[in-house]
Each structure stands twice: as C-alpha cells, then as structure tokens.
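> Based on what follows, work out the 3D shape:
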Amino acid sequence: MADDEALLRIAPASLLPLGGEITVLAEAEDGEAAVQATLRHR
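Residues are numbered from 1 along each chain as shown. Okay, the predicted model is just below:
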C-alpha cells in the first residue's frame, strides 16, 4: 500500500487482511518507496 498520509495507508492495511483473501506485504509513504518494496517482494 502506498500513500503519503499514514492514516490512509495504515487503516486499510489493517482491515484488508481481515477478509482472509488479501495480504498486505508492505507499506510505503511515497512512490520511490513503493517501487523498492515491490522489488523486494517479487
């Protein structure tokens, strides 16, 4: 999940896994961090 607002990143990242079908592997506060996180988890 990537968003510069921590609340908009943390809340969905906490709620999405509750359904059992989605796993949040990483959170990022900007585009560059999102790309790096994606490359780490490929």
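> May I see the buried residues of the lowest-mean-pLDDT helix or strand in the chain?
When each helix and strand of the chain is scored by mean pLDDT, DSSP states H and E, helix 6-15 comes last, with a mean of 92. By neighbour count on 16 or more other Cβ atoms under 10 Å, the buried set for helix 6-15 is 9, 13. Quick note: C-beta positions are derived from backbone N, CA and C, even for glycine.
> Just the CA atoms of the helix or strand hosting residue 37, as CSV, please.
Element membership for residue 37, per DSSP states H and E: helix 31-40. C-alpha atoms of helix 31-40 as CSV (Å, rounded to 0.1, in the frame of the first residue of the first chain):
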residue,chain,number,x,y,z
GLY,A,31,6.3,6.3,-5.0
GLU,A,32,10.0,5.5,-4.7
ALA,A,33,9.5,3.5,-1.5
ALA,A,34,6.6,1.7,-3.2
VAL,A,35,8.8,0.7,-6.1
GLN,A,36,11.5,-0.5,-3.7
ALA,A,37,9.0,-2.5,-1.7
THR,A,38,7.6,-4.1,-4.8
LEU,A,39,11.1,-5.1,-6.0
ARG,A,40,11.8,-6.7,-2.6
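> who does that helix touch, helix- and strand-wise?
With contacts taken as 3 or more Cβ pairs under 8 Å, 6 or more residues apart in numbering; DSSP states H and E, helix 31-40 sits against no other helix or strand.
> Can you give the distance of that helix from its chain's centre?
Relative to its chain's centre, helix 31-40 lies at 10 Å (Cα atoms, centre = their mean, to the nearest Å).
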